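Asks: Build the 3D model from these lines:
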Amino acid sequence: MPDEPAPIERLPAGRSTVFELAPGVRLEPFPDGSALLLSEESEESLSLNLTGALLCTFADGTHSLDDAHREVQGAFQGSEVAIQVLAEFLLELADRGLLLLNPR
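Replies: Model prediction:
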């Protein structure tokens with residue numbers, strides 16, 4: 001049985017993939033840095049921790065995974081933020097219809 005490709009390899013343009021919230025999805029931040037993603041279409045909500053919320057602030061269709069990784073890594077200086085984990089999270093949001101992934 002072949003190994004499943006790494007999350008980055010499953011993105012349309014790898015590390016250069018840009019991402020944006022799907023139409024009708026909005027990010028509702030909380031003072032503690034966490035947030036909710038709310039979908040008007042599916043009436044779904046998803047609670048995000050600080051890292052997920054920060055990543056979604058870059059979901060504007062202009063930031064790539066690489067761009068967002070640099071920003072998230074800078075916010076968590078002294079801790080390693082694995083780009084593969086961020087890629088997996090973006091794929092999960094896209095699978096749920098909350099995020100659009102596009103090649104740059």
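
Asks: Now do the strands for this structure: every range, in order, please.
Replies: Applying DSSP state E to the chain gives strands spanning 18-21, 25-29, 35-39, 44-48, 60-64, 99-102.

Asks: mind putting these in TSV, mean neighbour count included?
Replies: Quick note: C-beta positions are derived from backbone N, CA and C, even for glycine. Formatted as TSV, the strands of the chain follow (neighbours: other Cβ atoms under 10 Å):
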stretch	mean neighbour count
strand 18-21	21
strand 25-29	15
strand 35-39	19
strand 44-48	15
strand 60-64	15
strand 99-102	17
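
Asks: can you redo those as a markdown table with distance to Gln73 and mean pLDDT?
Replies: Shown next, in a markdown table, are those (distance: least, Cβ to Cβ, whole Å; pLDDT from 0 to 100):
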| stretch | distance to Gln73 | mean pLDDT |
| --- | --- | --- |
| strand 18-21 | 17 | 98 |
| strand 25-29 | 20 | 97 |
| strand 35-39 | 19 | 97 |
| strand 44-48 | 18 | 95 |
| strand 60-64 | 14 | 97 |
| strand 99-102 | 20 | 97 |
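
Asks: Compare the ones you listed and give me the one nearest Phe76.
Replies: strand 44-48 (15.1 Å; Cβ to Cβ).

Asks: Summarise which helices and strands that closest one is packed against.
Replies: If you count contacts as 3 or more Cβ pairs under 8 Å, 6 or more residues apart in numbering; DSSP states H and E, strand 44-48 packs onto strand 35-39.

Asks: ok, back up a step: can you list the strands of the chain in JSON lines and add distance to Pro7?
Replies: Compiled in JSON lines, the strands of the chain are given as follows (distance: least, Cβ to Cβ, whole Å):
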{"stretch": "strand 18-21", "distance to Pro7": "13"}
{"stretch": "strand 25-29", "distance to Pro7": "21"}
{"stretch": "strand 35-39", "distance to Pro7": "19"}
{"stretch": "strand 44-48", "distance to Pro7": "18"}
{"stretch": "strand 60-64", "distance to Pro7": "14"}
{"stretch": "strand 99-102", "distance to Pro7": "11"}
